[in-house]
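Peer 1: Just a sequence and a predicted model for now, questions to come.
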Amino acid sequence: MADTYRAVLKDDHLEWLDKKPDNANPVDVTVVIHTVANKTSQGEKMAFYLDKLAELGSMAHISDPVAWQKEIRLDHMD
C-alpha cells in the first residue's frame, strides 16, 4: 500500500505540506489538480480565472480596453 504525501508544486519543486517521504528511497509522484472550486471566496475565484486568462493572452488583441468596453456596452443597448 502506498503512502500519501501532500505537497504544493512551486515552479520546478515540491513543497511538502505535512509529512514528507523518506529521502533514502525514490518516490513516484501523481499530480492531482485541485480546482478553484475548492476556494471559498468569489474574489479568489475571480483572481484565479483572470490570471488564467492573462496567461492565455486571450485579450491581447484589445489595444484600447476603455474603447472596447464602451463598444461592448453599446452592443447590448440595441
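Peer 2: Nice, I can see it.

Peer 1: For the chain, which segments count as helices?
Peer 2: 42-56, 65-75 (DSSP state H).

Peer 1: so what secondary structure elements neighbour the first one?
Peer 2: In terms of contact count using 3 or more C-beta pairs under 8 Å, 6 or more residues apart in numbering; DSSP states H and E, helix 42-56 is assigned no packing partners among helices or strands. (Each C-beta comes from the backbone N, C-alpha and C, glycine too.)

Peer 1: how distant is that helix from the center of its chain?
Peer 2: Distance, stretch centre to chain centre, for helix 42-56: 7 Å (C-alpha atoms, centre = their mean, to the nearest Å).

Peer 1: okay, it in CSV with CA atoms only?
Peer 2: Provided in CSV are the C-alpha atoms of helix 42-56 (Å, rounded to 0.1, in the frame of the first residue of the first chain):
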residue,chain,number,x,y,z
GLN,A,42,-15.6,34.8,-5.0
GLY,A,43,-12.7,37.2,-5.1
GLU,A,44,-10.2,34.3,-5.1
LYS,A,45,-12.1,32.6,-7.9
MET,A,46,-12.2,35.7,-10.0
ALA,A,47,-8.4,36.3,-9.4
PHE,A,48,-7.7,32.7,-10.4
TYR,A,49,-9.6,32.9,-13.6
LEU,A,50,-8.3,36.3,-14.5
ASP,A,51,-4.7,35.0,-14.0
LYS,A,52,-5.6,32.1,-16.4
LEU,A,53,-6.9,34.5,-19.0
ALA,A,54,-3.8,36.6,-18.7
GLU,A,55,-1.6,33.5,-19.2
LEU,A,56,-3.5,32.6,-22.3
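
Peer 1: what is the rounded mean pLDDT of that helix?
Peer 2: If you average the pLDDT over helix 42-56, you get 83.

Peer 1: before we move on, the earlier item: would you format the helices of the chain as TSV with mean neighbour count included?
Peer 2: Below are the helices of the chain laid out as TSV (neighbours: other C-beta atoms under 10 Å):
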stretch	mean neighbour count
helix 42-56	11
helix 65-75	10
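
Peer 1: can you tell me which of those comes nearest to residue 32?
Peer 2: Closest approach to residue 32 among the helices of the chain is made by helix 42-56 (16.9 Å; C-beta to C-beta).
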